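In: Give me a model of this one.
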Amino acid sequence: MIYRLLFVVFCFISFAQLKAQSQKKLYQSFAVQAATTVAIDLGNFPVEVRETEGPSIFIEGELSVTEIDEQLLSFLVQKGRYKLTADYNAACQEIKLAWAKELSTLMKAGEVCEEQIKFVVYLPKGLKINDSQTISASR
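Out: Numbering: from 1, shown residues only. Below you'll find the predicted structure:
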């Protein structure tokens with residue numbers, strides 16, 4: 001009986017390691033310049049918007065990816081896979097937050113790696129969200 005229990009525990013631990021999940025925190029900040037509005041285009045990832053007293057836009061991301069180890073995840077972050085841009089449009093005084101590069105499907109050894117990212121965007125008081133240009137952002 002004890003051997004069966006140990007076997008089940010061993011199988012569970014082995015399966016958990018096969019479906020390993022790497023996690024990392026991401027941080028970026030951007031100058032507001034003369035912007036009065038911000039549009040957020042980060043795809044289907046959840047975005048929470050908060051106000052801050054600071055003079056800059058600060059973005060905190062919580063990244064979790066299946067099927068890859070911490071070293072590979074660090075490499076992807078270093079190479080800019082999860083980098084954001086803040087493009088300023090002076091004509092309408094708006095900053096658009098978006099991916100620097102399009103996120104293609106991430107695969108390792110023929111397996112699709114599931115990427116989950118939760119963003120918290122801290123906006124200076126007075127900076128408004130352009131809801132017509134914002135995709136999947138919630139307050």
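
In: just the helices in this structure please.
Out: 2-18, 70-78 (DSSP state H).

In: Out of these, point me to the one whose mean pLDDT is lowest.
Out: Note on the helices of the chain: lowest mean pLDDT is at helix 2-18, with a mean of 54.

In: what ranges of this protein fall below the confidence cut-off?
Out: For the chain, the stretches flagged by pLDDT under 70 are 1-19, 132-139.

In: at 90 what do you get?
Out: Across the chain, residues meeting the criterion (pLDDT under 90) sit at 1-21, 33-34, 43-44, 54-55, 68, 102-104, 107-111, 126, 130-139.

In: Show me the residue at the heart of it, geometrically.
Out: Closest to where the C-alpha atoms of the chain average out (C-alpha atoms, centre = their mean) is Ile117, at 3.7 Å.

In: Name whatever forms a beta bridge with it.
Out: Bridge pairing for Ile117 (DSSP bridges) gives the partners Leu63.

In: and it, what does it touch?
Out: Residues in contact with Ile117, defined by C-beta atoms under 8 Å, 6 or more residues apart in numbering, are Leu26, Leu42, Phe45, Gly61, Glu62, Leu63, Ser64, Tyr82. (Each C-beta comes from the backbone N, C-alpha and C, glycine too.)

In: Report how many residues lie close to the residue nearest to the second one when sequence neighbours are not counted.
Out: In this case it means Leu42. If you skip the residues right next to it in sequence, Leu42 has Phe119 as its closest partner in space, 6.1 Å away by C-beta to C-beta, 6 or more residues apart in numbering. Phe119 sits with 21 neighbouring residues when counted by other C-beta atoms under 10 Å.
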